[in-house]
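Novice: give me the fold of what follows.
(chains A and B)
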Number of protein chains: 2
Amino acid sequence: MQNFFTPKSIAVIGVSKEPNKVGHIIFKNLYHKFKTFPINPKEKQILGEKVYSSLKEIPHVDLAIIAIPVGGVIQAVHECGKKGIKHLIIISSGFKEIGNIHLEYELAKALHQHGIKCVGPNCLGVFDAHSGLDSLFLPPKKLTRPKPGGISFISQSGAIGSAVLDLLAEEACGFAKFISYGNGTNLSETDFLEYLEKDPQTKIICMYVEGIQNGKRFIEVAKKSKKPIIIIKGGKSEKGAHATLSHTGSLAGSYDIYKGAFKQAGVITADSLQEVFHIAKLFVTLPKPKGKRVQIITNGGGYGIMATDELELQGLPLAEMTSKTRNFLKHHVPKIVIISNPMDLVGDATNERYGLALKMCVDDKNIDLIFLLILHQTPLIDENIIDVVKAHKGKKPIIILSVGGKQTQILSRKFESLHLPVFAFPRDAVSAVKKWAEWYS
Amino acid sequence: MQNFFTPKSIAVIGVSKEPNKVGHIIFKNLYHKFKTFPINPKEKQILGEKVYSSLKEIPHVDLAIIAIPVGGVIQAVHECGKKGIKHLIIISSGFKEIGNIHLEYELAKALHQHGIKCVGPNCLGVFDAHSGLDSLFLPPKKLTRPKPGGISFISQSGAIGSAVLDLLAEEACGFAKFISYGNGTNLSETDFLEYLEKDPQTKIICMYVEGIQNGKRFIEVAKKSKKPIIIIKGGKSEKGAHATLSHTGSLAGSYDIYKGAFKQAGVITADSLQEVFHIAKLFVTLPKPKGKRVQIITNGGGYGIMATDELELQGLPLAEMTSKTRNFLKHHVPKIVIISNPMDLVGDATNERYGLALKMCVDDKNIDLIFLLILHQTPLIDENIIDVVKAHKGKKPIIILSVGGKQTQILSRKFESLHLPVFAFPRDAVSAVKKWAEWYS
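Specialist: Just a heads-up that it's a prediction; the model follows:
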């Protein structure tokens, strides 16, 4: 499958002069980075580059991207086949998702006949943050591309996929490969999963699926995966499932069956789109946990109580610190500090008080995970708190919680750029941390 | 209680020269806006203003704010009483929240003896975005004050309260009054609730409580309220409840009992801090709904499916448009558009297509609420979509959903500044909209 991500040469079939048209945007994304041949019998030159009237005029290419109206797609596939091109991305829509079952069948047959591997149709195709391959027909000013990193995303929905890419471009954790496979006529979710499992740049695999084509094979492949797989399912409800039919032509099936299969496959099920990336962020940033016992450190009583509530309600255990930790702190912090769980450093907490509490908890064998709640509004802490936390990074999983306005957001970004994960709300943090920690156990 | 918010004159007892100290920050927040007398027997001048050595040296004031160490508080209360001051904010901590039950009792007795109304102790006090009264000891560079508006917030926790203020300063909806009442020794949640119910600037009342002192009275007052009351409870779990004891000295009690009482009182229970303001935002921005039937309009199939899933799973009904709407659209939009619920305008949707779909849904008697999903990443819509939506504002509740990076966030801010509520994630939107809509039914 490597040709989908690092081809030596590419043909884009259907490159228009119109800057808003799909083929034009794709060509523009590619031609500076790859040897790219634009094909359009009606044009001579686009973006200063020679346009070819057909595939016959160009040398062999590793990958062809088809972005023409549906009526010409089957013929284009045959032409690619005759040319010996074995990898195709078909952006064009108008197949089973609008009821054209026969055309979908014709397409499948043509691909099979020529032994072609194909992403699509009815999709955005592929984005590789490392190689720069980019078949997304959404201009960069509308959809910022994320920087290179370890999270890959397989998405049956192009729109969800693109929104997520755009969202992640704002985050510090970075991206590896994105595959929007639409109808999945030829290659589908399990094929990409199998590929990403072996891809050295991919550390975590995220998926949005509406249906899974071969459940048994999916479970087999997922079960063998050494990389975490985080999945969000579209069409969980009856009416949602009905809507998937006209979206990607998927028969979504009962969500209970899917949930069972995901569990059997060792896959993490996210409850919301947001949670997919909350969980992925934890895998990217945190060391492996030794257990699930959480110690809360806070400078805001109510915030600590809300985190305590969520841990207990969602079923993560609260740690009980050793008497050594307790006694040490008793002699080294003001009397007003509540040395318990939650540990309340109270509103006049300083960077130093945080540093001491954090050090003791990192060294405490009864504590597996640290929820470090920092309300930056209080008067005596300042941005040096970042260095205080950084000094303990990697020794034990530290999850930061901070809620507030501009100043908080700036400091949270700084933490995240150091690969220290930050959440604003206890409910989100606990839900993601629980799923992340359970994957290891 | 008006003297807590719009006093003619104020004494601040315990104004230090140190710019990081509580009394100093409070005095600095006030002295430009109110006739304010700083009291400190050890200082002559602070911020260029004359400092008074005791209350005896100043004329009568409407409000005194006490920010001295706990040991001197009872005496200061007696001095205020002798001076005839009837309104006190006591910032100082060190009472029942650290086990000083006797001192708490002494304080209650002193306040009662002089007929003083008091906010606190162990609190941040009061912030009024309209009058500018501000006893928060967190400097503005750390905690941005929100602009005037209609949301008021009563908080037993100072830290939660301050974080929320800071968070809301970033939002477009605006703020009325904030009361952090800490131990609630004298005045407590129900007193403030009763006051805000009559306050003309307050449109929506939000509350963070750990315990409620007089449940029966709370239910009576809340039941009578014509304004929506949104509540989040700290100490829902056993360990969380235990932690409230050392926070505000509250006995939190069983959450099931609270939930029952809140329901009986017609109060909206939020599941997370975030949801409190999601719900409040809907009350501030949307017209009253006629019912709960939701029509989804989207340009991203998968995003529409996720919204459909959430509506069905959380129990909000999907609307069925009239045949008039269906037939009209059939003749006026491209064939590829899926005229159903969700209505998928597909990836090449234009502003005009959105405008047409929105107009028809606004006019459709079978539709009560519109979920308008806009993925700004798609090529053919641009920022003029804002004017398209604005044209229908106020006719029917329109809830916008948009997820993405920088460009999306800029456009979402613009929508919100026009009082059109925006959510990123379907789960959050559905949960808040359901609670908001049910309040009217």
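
Novice: contacts only, for A:Ala169.
Specialist: A:144-147, B:405-406 (C-beta atoms under 8 Å, 6 or more residues apart in numbering or on different chains). Bear in mind the C-beta positions are built from the backbone N, C-alpha and C, glycine included.

Novice: 7 Å - rerun?
Specialist: Taking C-beta atoms under 7 Å, 6 or more residues apart in numbering or on different chains, we find A:Ala169 in contact with A:144-146, B:405.

Novice: now it, nearest residue through space, not along the chain?
Specialist: In space, and not counting its chain neighbours, A:Ala169 is closest to A:Thr144: 3.8 Å by C-beta to C-beta, 6 or more residues apart in numbering or on different chains.

Novice: tell me the phi and psi of the one you found?
Specialist: phi -70, psi 130 (degrees, to the nearest 10).

Novice: count of neighbours near it?
Specialist: 19 (other C-beta atoms under 10 Å in any protein chain shown).

Novice: ok, so what distance separates it from B:Leu375?
Specialist: A:Thr144 sits at a distance of 14 Å from B:Leu375 (criterion: C-beta to C-beta, to the nearest Å).

Novice: got a list of what the residue lying closest to A:Ala349 once chain neighbours are set aside touches?
Specialist: Among residues not flanking A:Ala349 along the chain, A:Asn299 sits closest, at 4.1 Å (C-beta to C-beta, 6+ apart). For A:Asn299, the contact set (C-beta under 7 Å, 6+ apart) comprises A:345-347, A:349, A:374-375, A:378, B:159.

Novice: so what strands line up beside whichever strand or helix holds A:Gly150?
Specialist: Assignment of secondary structure by DSSP states H and E places A:Gly150 within strand A:148-155. Sheet pairing for strand A:148-155, assigned by DSSP bridges, gives strand A:175-180 (parallel), strand A:204-209 (parallel).

Novice: which parts of it are buried?
Specialist: A:149-155 (16 or more other C-beta atoms under 10 Å in any protein chain shown).

Novice: compile those residues into a markdown table and extend it with columns for pLDDT.
Specialist: Below are the buried residues of strand A:148-155 laid out as a markdown table (pLDDT from 0 to 100):
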| residue | pLDDT |
| --- | --- |
| A:Gly149 | 94 |
| A:Gly150 | 95 |
| A:Ile151 | 95 |
| A:Ser152 | 96 |
| A:Phe153 | 96 |
| A:Ile154 | 96 |
| A:Ser155 | 94 |
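
Novice: closest to chain B among those?
Specialist: Nearest to chain B among those is A:Ser155, at 7.4 Å by C-beta to the nearest C-beta.

Novice: distance of that closest one relative to A:His114?
Specialist: The value you get for A:Ser155 to A:His114, if C-beta to C-beta is used, is 26 Å.

Novice: cool, and A:Ile25?
Specialist: Counting by C-beta to C-beta, the gap from A:Ile25 to A:His114 is 27 Å.

Novice: comparing those two, which shows the higher neighbour count?
Specialist: Remark: of A:Ile25 and A:His114, A:Ile25 carries more neighbours, 24 against 19, as counted by other C-beta under 10 Å.

Novice: now do the contacts for the more buried one.
Specialist: Per C-beta under 7 Å, 6+ apart, neighbours of A:Ile25: A:137, A:139.

Novice: ok, A:His87 - how many residues close by?
Specialist: Other residues lying near A:His87 total 22 when counted by other C-beta under 10 Å.

Novice: and the strands in the stretch 1-150 of chain A?
Specialist: A:9-13, A:35-39, A:45-46, A:49-50, A:63-66, A:87-90, A:117-119, A:125-128, A:148-155 (DSSP state E, counting those that start in this stretch).

Novice: how about those in JSON lines, adding distance to B:Ile385?
Specialist: JSON lines is the format used below for the strands of the stretch 1-150 of chain A (distance: least, C-beta to C-beta, whole Å):
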{"stretch": "strand A:9-13", "distance to B:Ile385": "29"}
{"stretch": "strand A:35-39", "distance to B:Ile385": "31"}
{"stretch": "strand A:45-46", "distance to B:Ile385": "29"}
{"stretch": "strand A:49-50", "distance to B:Ile385": "33"}
{"stretch": "strand A:63-66", "distance to B:Ile385": "29"}
{"stretch": "strand A:87-90", "distance to B:Ile385": "29"}
{"stretch": "strand A:117-119", "distance to B:Ile385": "30"}
{"stretch": "strand A:125-128", "distance to B:Ile385": "25"}
{"stretch": "strand A:148-155", "distance to B:Ile385": "24"}
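
Novice: what's the following helix or strand past the strand holding A:Gly150 packed up against?
Specialist: Downstream of strand A:148-155, the next assigned helix or strand under DSSP H and E is helix A:158-168. Helix A:158-168 sits against strand A:148-155, strand A:175-180, helix A:273-285, helix B:301-314, with contacts defined as 3 or more C-beta pairs under 7 Å, 6 or more residues apart in numbering or on different chains; DSSP states H and E.

Novice: change it to 8 Å
Specialist: Using 3 or more C-beta pairs under 8 Å, 6 or more residues apart in numbering or on different chains; DSSP states H and E, the elements in contact with helix A:158-168 are strand A:148-155, strand A:175-180, strand A:204-209, helix A:273-285, helix B:301-314, helix B:406-417.

Novice: tell me which parts of the stretch 151-300 of chain A are close to chain B?
Specialist: A:155-164, A:166-170, A:208, A:210, A:232, A:234-240, A:243-244, A:246-248, A:271-274, A:299-300 (C-beta under 8 Å from any C-beta of the partner chain).

Novice: need the buried ones from those selected in PyMOL.
Specialist: Buried residues among those (16+ other C-beta under 10 Å), as a PyMOL selection:
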select buried, chain A and resi 155+156+157+158+159+160+161+162+163+164+166+167+168+169+208+210+232+234+235+236+237+239+240+243+244+246+247+248+271+272+273+274+299+300
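
Novice: sorry, back to before: out of the contacts of A:Ala169, which two sit at the greatest distance?
Specialist: Using C-beta to C-beta, the two most remote members of these are A:Arg145 and B:Gly405, lying 9.7 Å apart.

Novice: higher neighbour count, the two?
Specialist: Neighbours per residue (other C-beta under 10 Å) separate A:Arg145 from B:Gly405, with B:Gly405 holding more: 23 against 20.

Novice: quick check on the more buried one: phi, psi?
Specialist: Phi and psi for B:Gly405, reported as degrees, to the nearest 10, are phi -90, psi -140.

Novice: let me know the pLDDT of the closest residue to it other than its chain neighbours.
Specialist: Closest residue in space to B:Gly405, ignoring its immediate chain neighbours: A:Asp166 at 3.9 Å, by C-beta to C-beta, 6+ apart. Looking at A:Asp166, its pLDDT reads 88.

Novice: repeat for A:Gln156
Specialist: Checking the pLDDT column for A:Gln156, the value is 89.

Novice: what's near enough to touch it?
Specialist: So A:Gln156 contacts A:180-182, A:184, A:189, A:208-211, A:234, A:248, A:250, B:302 (C-beta under 8 Å, 6+ apart).

Novice: domain ranges for chain A?
Specialist: Using automatic domain parsing, the domain parsing of chain A gives A:1-123, A:143-285, A:287-440.

Novice: start and end of the second one, how far apart?
Specialist: Separation of the first and last residues of domain A:143-285 by C-alpha to C-alpha, to the nearest Å is 25 Å.

Novice: break down the stretch 251-400 of chain A into its strands, ranges please.
Specialist: A:268-269, A:294-298, A:343-344, A:369-373, A:398-401.
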